[in-house]
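J.: Give me a model of this one.
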Amino acid sequence: MSDTNLSNSAAQNVPVDTSDAWHKEAQRTVKKIAKLKRILRFKLSQLARLPKAQTAGQRSKCIRQKQELRKGYNRPRHHYRSERHFFYGKDNRISVANGTSALQHCFEEDYTGAGMHQSILTELADTGSRFDFRARHELLGKVFEHYAAGDYPGLDLPSKIKKLGLIIMERDLKHREAMLAHLEQLFRLDKGAEIYFFVETGNESKEQVARRFRHILFVVFSLLERLHLAGYQVKLVVNPAYVASDVKNGDHCSFSVASGGNGRYEMSAGNATFSVKGFEQRLLQYFEEYGEQWSSRVPALS
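T.: I've put the predicted structure just below:
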């Protein structure tokens with residue numbers, strides 16, 4: 001069966017959403033593509049001034065980029081609504097990993113140019129993508145300043161990010177003063193932003209998880225409480241599931257990132273008393289609820 005016939009056959013079996021929300025989403029998608037077209041036309045007009053031999057290769061690259069970005073917008077849930085991860089890339093430059101998407105190059109500034117890179121980050125932030133910093137807490141301030149200066153005039157990234165995630169482990173407590181100082185950057189986000197603290201304890205035993213969780217809570221709870229009282233949505237996720245990223249950092253090493261979706265051990269003011277004791281009690285409730293499957297990081301398939 002041809003690709004066309006296969007697509008037509010599949011389309012006949014897919015329910016059609018006729019709600020106003022679907023039409024509005026379609027209109028927004030068309031506007032996004034039109035905006036990318038305008039940016040690419042501008043880039044192509046600049047390339048027209050280059051020597052023909054140099055222009056040919058660059059023009060083909062831009063056309064491929066346009067096609068790939070359009071494909072990405074046609075699959076927003078896979079490519080544009082998961083998590084983004086800041087990390088130190090080549091030459092210790094601040095870089096963005098596009099999760100496990102095949103369109104990683106579309107997030108590389110050297111490929112898209114500063115203007116389109118800024119547009120993509122802004123669009124992702126506006127649509128509620130989560131930006132993760134893993135355990136690189138010092139990157140918070142560096143990333144915010146990086147995009148507030150240089151080739152990104154007017155990009156106030158903290159005011160645009162609606163979801164942010166970072167990892168805290170027991171070993172981070174050895175440098176708690178520096179860690180807490182870096183985490184003060186979280187107050188630059190707009191009130192109401194969701195902040196995910198992925199608490200990594202290991203899962204050798206329930207006792208180990210509870211002990212390390214308590215140790216970490218005692219150190220960071222004052223910060224968590226201030227964020228909560230300031231109007232941020234603070235969420236703790238103990239031992240999240242991780243996915244491998246194909247991206248390599250400046251040391252040419254790949255790394256794992258916290259996966260999307262809710263963790264099995266997620267806690268917030270919505271399901272626990274916002275206190276050290278309240279979160280500890282919620283952890284014990286999870287242990288009882290999951291029984292023998294308490295150590296699994298991935299919810300069982302129904």
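J.: isn't residue 269 right next to residue 227, touching?
T.: No - counting by CB atoms under 8 Å, residue 269 stays clear of residue 227, with 11.0 Å between them. Yep, even glycine has a C-beta here, placed from its N, CA and C like the rest.
J.: where does the stretch 101-250 of the chain have low pLDDT?
T.: Where the stretch 101-250 of the chain drops to pLDDT under 70, the residues are 101-106, 150-154, 244-250.
J.: picking that back up, which residues do residue 269 and residue 227 both contact?
T.: residue 234 (CB atoms under 8 Å, 6 or more residues apart in numbering).
J.: quick one: which of those two has more around it?
T.: More crowded of residue 269 and residue 227, by other CB atoms under 10 Å: residue 227, with 21 against 12.
J.: how about the more buried one, phi and psi?
T.: Dihedral pair for residue 227: phi -60, psi -40, per degrees, to the nearest 10.
J.: In this structure it contacts residue 186, no?
T.: Yes - taking contacts as CB under 8 Å, residue 227 lies within contact range of residue 186: 6.3 Å.
J.: counting contacts, what elements does whichever strand or helix holds residue 212 pack onto?
T.: Following DSSP states H and E, one finds residue 212 within helix 206-229. Judged by 3 or more CB pairs under 8 Å, 6 or more residues apart in numbering; DSSP states H and E, helix 206-229 is in contact with strand 163-169, helix 176-183, strand 194-200, strand 233-238, helix 276-290.
J.: relative orientation of it and strand 194-200 in degrees?
T.: Angle between the axes of helix 206-229 and strand 194-200 is 160 degrees (criterion: axes from the mean of the first three to the mean of the last three CA atoms, to 10 degrees).
J.: Check which residues of helix 206-229 are buried.
T.: Of the residues in helix 206-229, 209, 210, 212, 213, 216, 217, 220, 223, 224, 227, 228 count as buried by neighbour count, 16 or more other CB atoms under 10 Å.
J.: Once you drop chain neighbours, what's closest to the third one?
T.: Distances taken as CB to CB, 6 or more residues apart in numbering put residue 201 closest to residue 212, at 3.9 Å, once the chain neighbours are dropped.
J.: Please name the residues that touch residue 236.
T.: 197, 199, 224, 265, 266, 267, 268, 279.
J.: Present those as a markdown table; the columns should include distance to residue 175.
T.: Below are these laid out as a markdown table (distance: CB to CB, whole Å):
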| residue | distance to residue 175 |
| --- | --- |
| 197 | 17 |
| 199 | 17 |
| 224 | 18 |
| 265 | 25 |
| 266 | 27 |
| 267 | 25 |
| 268 | 27 |
| 279 | 23 |
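J.: Closest one of the residues you listed to residue 149?
T.: Using CB to CB, residue 197 is the member of those that lies nearest residue 149, at 28.1 Å.
J.: I'd say the closest one and residue 235 touch.
T.: Yes - using CB under 8 Å, residue 197 is in contact with residue 235, at 7.0 Å.
J.: Residue 273 against residue 267, yeah?
T.: No - between residue 273 and residue 267 there is no contact under CB under 8 Å: 9.9 Å.
J.: Find the residues that touch each one of the two.
T.: Joint contacts of residue 273 and residue 267 (CB under 8 Å, 6+ apart) are residue 279.
J.: So if I had to pick from those two, which one is more boxed in?
T.: Neighbour tally, residue 273 and residue 267, criterion other CB under 10 Å: the higher count belongs to residue 267, 26 against 13.
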